[in-house]
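A predicted structure for the sequence below; I have some questions about it.
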Amino acid sequence: MTIDPGSDNGTGIGADINADILVIGAGMAGLAAAAAASEAGARVVVLEKAAQAGGSAAMSVGMFWAPPDFEAFRRRVPLGDPALGRAVVDDYPAAVERIRSFGIRVGPQVDGVMTIGIGHSIDVPALLDRELADIEHGGGRVLFGMPARRLLVGADGTVRGAQARGGPVVRATATIIATGGFQGDPELRTRYLGVNADRLVLRANPGSVGDGLRMGRAAGAATSRGMASFSGHLLPNPVAHLTPDRFSPLAQYHSRHCLLVNLLGRRFCDESAGDEVANQLLLAQPEARGVLLCDEAVHTGYVVGEPFPGLGTIDRFEYAAEAGARYARADTVAGLVAAVARWGVDAAGLRQTIAGYAAAAAGQAVPLDAPLPAVPRPLVQPPLHALEVVPAITFTYGGLRTDADGRVLDHDGAAIPGLWAAGVDAGGLSNHTYAGGLAPAYITGVRAAAAAISAMRLSRT
C-alpha cells in the first residue's frame with residue numbers, strides 16, 4: 001500500500017510496523033531494492049522523507065551507463081573499490097535486460113559515454129512507476145513524508161529497523177539504507193570535500209543531506225574511501241534561478257575540448273580528463289570560479305551539439321547567457337582577454353596562458369601550468385568564446401563502507417548484522433573519477449535486496 005504524507009488511510013501508521021525488509025529512501029537504489037525484495041516475496045516497507053518518489057534520479061537525463069568491462073573500470077577509476085566495480089560491470093547487462101523486460105523504453109547502446117562507458121537512455125519515470133506498482137502489488141508499503149532518523153540497534157549490535165520522525169517504528173529483519181548521499185548538506189560537504197565546498201551549486205535532490213551516513217555511522221559503520229570526491233558538472237555563473245529542468249542544458253559537458261582557467265588566468269588541469277574531473281578541481285581554486293575558453297571550431301563542433309542521446313541540440317553558451325551568466329565573444333585574443341578581465345580574471349596571466357598553450361600545441365617546448373590535452377585546441381578560429389563557470393555537485397562518491405553485496409561494514413571490516421546500503425550511500429565505487437550514477441544505484445539496490453533476503457532465509461532455517 002502506498003500512503004500519502006500526512007494521512008494514515010486507516011492503517012495506523014503511528015503504530016509500530018513489522019516488516020521483513022525496511023528500505024530507507026525511494027530513489028533509484030531504494031525502489032530497485034524494494035521492488036526486487038517484493039518480487040521475492042518479502043514484506044517490504046519503504047520510508048521516504050519527500051512527498052514523492054525518485055530523489056535525484058527523477059531529475060536526471062536518464063543515461064543508464066557503466067564501464068564496458070572490469071579493465072576499463074580500473075583504467076577510468078583506478079582509485080575505485082575493485083569489488084564494487086566488478087559487481088557493477090558483471091551485473092550491468094542483466095540489469096539492462098531486466099528493465100527492458102518490464103516494457104520500459106531502453107534506447108540503443110551508446111559507446112564512449114563519459115569517455116569509456118557504454119550506456120542506454122532509459123525512461124526513468126516509467127521505471128520508478130513500475131517499481132512502485134510492484135511494491136504495492138506485493139503488499140508492500142511506501143510511506144511518504146516519513147524521514148528515518150534513527151536505526152534500531154539491539155544489544156548484540158544487530159540493526160532491527162528504524163524510527164521515523166513523527167511516524168512509526170518499523171521493525172525489520174533487514175534494513176537497506178538508500179538515502180542518496182550528503183551533497184545537500186553544506187556542513188558535511190565542508191567536512192569531507194574541503195575548501196570552498198559550501199560554495200558548491202547543488203544540481204540534485206535537496207533532501208539528500210546525509211541521513212543514511214549519519215544513521216549508519218551511529219550504528220558503528222565505517223566510511224568508504226573517496227569521501228573527498230564527488231560527481232557534478234561545471235555550470236555557468238551567475239544563474240539566478242537554477243531549477244531541475246535547467247540542470248542538463250546548463251551543464252558544460254563539452255569542457256574537455258576547451259581551455260579552463262582560474263581567476264589568475266592559469267590552467268590547473270588537463271581538461272581532457274573530463275568535465276566531472278575539472279569540476280572537482282575547480283573547487284580548490286580561488287573563489288571556486290573559472291572561465292571556459294574556446295574558438296568557433298570547438299563552439300560549433302562541441303558546445304552546440306548533443307552530448308548524450310535524447311538531450312537535444314542547443315547552444316549551451318547562448319542558453320547560459322540567457323540565464324544570466326557572464327559570457328563574452330570577441331574576434332581577437334586581445335578582445336576576449338579584455339572582456340574576461342572585467343570579471344576579475346588576471347589579464348596578464350590569461351594572455352600568457354593562451355600564448356603558452358598555443359605554442360605547446362604547435363610543438364614548442366614551453367612551460368605549462370597543467371599538462372597539454374592529448375588533442376589540444378588552441379584559440380584559432382574566430383569568433384572566440386568565454387564563459388564563467390563554477391563547480392556543481394550531483395552526488396557524493398564516498399559513503400558507508402560496504403562489501404559487493406551491500407553489507408555495511410564496521411571499522412574492522414566486519415558486517416553489521418541486519419544492515420545493508422545501496423546507491424550513493426554505498427560509497428567507494430567512484431573515487432575522483434566516475435563509474436556511473438543510475439546504473440550502479442539500480443544494481444547495488446538489487447544486489448542488496450538479494451543478499452538481505454538470503455540472510456533472512458538463512459536465519460530462519
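Received, thanks. Numbers count the residues shown, from 1 in each chain.

for Arg149, grab phi and psi.
phi -120, psi -20 (degrees, to the nearest 10).

count of neighbours near it?
Per other C-beta atoms under 10 Å, the neighbour tally for Arg149 reads 16. Bear in mind the C-beta positions are built from the backbone N, C-alpha and C, glycine included.

how about the contacts made by it?
162-165, 211, 215 (C-beta atoms under 8 Å, 6 or more residues apart in numbering).

pLDDT check: weakest of those residues?
Lowest pLDDT among the contacts of Arg149: Arg165, with 91.

that residue contacts Met146, correct?
Yes. Contact criterion C-beta atoms under 8 Å: Arg165 and Met146 qualify, at 7.5 Å.

settle it for me: which of the two has more neighbours?
More crowded of Arg165 and Met146, by other C-beta under 10 Å: Met146, with 24 against 12.

for the more buried one, which three-state class applies?
coil (DSSP: H, G, I helix; E, B strand; the rest coil).

surely it is in contact with Gly167?
Yes. The criterion here is C-beta under 8 Å, and Met146 meets it with Gly167 at 4.4 Å.

surely Pro125 touches Ser60?
No. Counting by C-beta under 8 Å, Pro125 does not reach Ser60; the two are 10.4 Å apart.

neighbour-wise, which of these two wins?
Neighbours around Pro125 and Ser60, counted as other C-beta under 10 Å, are more numerous at Ser60. The numbers are 21 against 14.

check contacts around the nearest residue to Val298 once chain neighbours are set aside.
Distances taken as C-beta to C-beta, 6 or more residues apart in numbering place His257 nearest to Val298, at 5.0 Å, with adjacent residues excluded. By C-beta under 8 Å, 6+ apart, the contact set of His257 is 271-272, 294, 298, 301-302, 375, 377.

closest to Pro82 among the residues you listed?
Using C-beta to C-beta, Ser272 is the member of the contacts of His257 that sits closest to Pro82, with 25.0 Å.

for Asp81, what are its contacts?
Applying C-beta under 8 Å, 6+ apart, the residues near Asp81 are 224-225, 428-429, 431.

do the same with Val88
Under the criterion of C-beta under 8 Å, 6+ apart, the neighbours of Val88 are 66-67, 73, 429, 435-436, 439-440, 443-444.

turn these into JSON lines, including neighbour count.
Shown next, in JSON lines, are these (neighbours: other C-beta atoms under 10 Å):
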{"residue": "Ala66", "neighbour count": "29"}
{"residue": "Pro67", "neighbour count": "27"}
{"residue": "Phe73", "neighbour count": "26"}
{"residue": "Leu429", "neighbour count": "31"}
{"residue": "Ala435", "neighbour count": "27"}
{"residue": "Gly436", "neighbour count": "26"}
{"residue": "Ala439", "neighbour count": "27"}
{"residue": "Pro440", "neighbour count": "30"}
{"residue": "Ile443", "neighbour count": "29"}
{"residue": "Thr444", "neighbour count": "32"}
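
among the residues you listed, which are in helices?
Within those, residues falling in helices by DSSP state H are 73, 439-440, 443-444.

which ones are touching the residue sitting nearest the centre point of the chain?
Centrality entry for the chain: nearest residue to the mean C-alpha point is Phe395, 3.6 Å, by C-alpha atoms, centre = their mean. Residues in contact with Phe395 (C-beta under 8 Å, 6+ apart) are 56, 180-181, 183, 204, 208, 230-231, 424, 437.

just the ones of those in strands?
Among those, the members found in strands (DSSP state E) are 230-231.

from the contacts of Phe395, which is closest to Arg100?
Gly437 (19.2 Å).

let me see the contact set for the closest one.
60, 231, 394-395.

cool, Leu400 as well?
Contacts of Leu400 (C-beta under 8 Å, 6+ apart): 177, 212-213, 216-217, 221-224, 408-409, 421, 425-427.

please redo it, this time with the cut-off set to 10 Å
177, 212-213, 215-217, 219, 221-224, 406, 408-409, 416, 419-422, 424-428 (C-beta atoms under 10 Å, 6 or more residues apart in numbering).

run through the stretch 51-200 of the chain and note the low-pLDDT ranges.
114-115 (pLDDT under 70).

what segments of it are strands?
63-66, 110-113, 117-121, 141-144, 148-153, 159-164, 169-177 (DSSP state E, counting those that start in this stretch).

make JSON lines out of these and add distance to Gly265.
What follows is the strands of the stretch 51-200 of the chain, written out as JSON lines (distance: least, C-beta to C-beta, whole Å):
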{"stretch": "strand 63-66", "distance to Gly265": "34"}
{"stretch": "strand 110-113", "distance to Gly265": "32"}
{"stretch": "strand 117-121", "distance to Gly265": "33"}
{"stretch": "strand 141-144", "distance to Gly265": "50"}
{"stretch": "strand 148-153", "distance to Gly265": "48"}
{"stretch": "strand 159-164", "distance to Gly265": "51"}
{"stretch": "strand 169-177", "distance to Gly265": "45"}
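
closest one to Gly41 among these?
Smallest distance to Gly41 across the strands of the stretch 51-200 of the chain (C-beta to C-beta): 13.1 Å, for strand 169-177.

show me what His385 bridges to in the sheet.
Listed by DSSP bridges, the beta-bridge partners for His385 are Cys294, Arg329.

how many residues are close by it?
21.

my read: it touches Glu296, true?
Yes. Between His385 and Glu296 there is a contact under C-beta atoms under 10 Å: 7.5 Å.

find the residues that touch each one of these two.
Taking C-beta under 10 Å, 6+ apart as the contact rule, His385 and Glu296 both touch 303, 329, 379.

neighbour-wise, which of those leads?
In terms of neighbours by other C-beta under 10 Å, the shared contacts of His385 and Glu296 top out with Val303 at 26 neighbours.

can you give me every residue that contacts that residue?
252-255, 257-258, 292, 294, 296, 314-320, 385, 387.

so Glu318 makes contact with Leu250?
No. Contact criterion C-beta under 10 Å: Glu318 and Leu250 do not qualify, at 11.5 Å.

ok, these two, which is more surrounded?
Per other C-beta under 10 Å, whichever of Glu318 and Leu250 has more neighbours is Leu250, with 23 against 14.

beta-bridge partners for the residue nearest to the more buried one when sequence neighbours are not counted, please?
Excluding the flanking residues, the one nearest Leu250 by C-beta to C-beta, 6+ apart is Leu235, at 5.3 Å. Leu235 has these beta-bridge partners by DSSP bridges: Val390.

tell me how many other residues crowd Leu235.
So Leu235, with other C-beta under 10 Å, has 25 neighbours.

right, and it touches Ala320 too?
Yes. With contact defined as C-beta under 10 Å, Leu235 and Ala320 form a contacting pair (8.3 Å).

joint contacts of the two?
Both Leu235 and Ala320 are in contact with 246, 250-252, 388-389, where contact means C-beta under 10 Å, 6+ apart.

nearest to Gly157 among the residues you listed?
Among these, Ala251 lies closest to Gly157 (C-beta to C-beta), at 43.1 Å.
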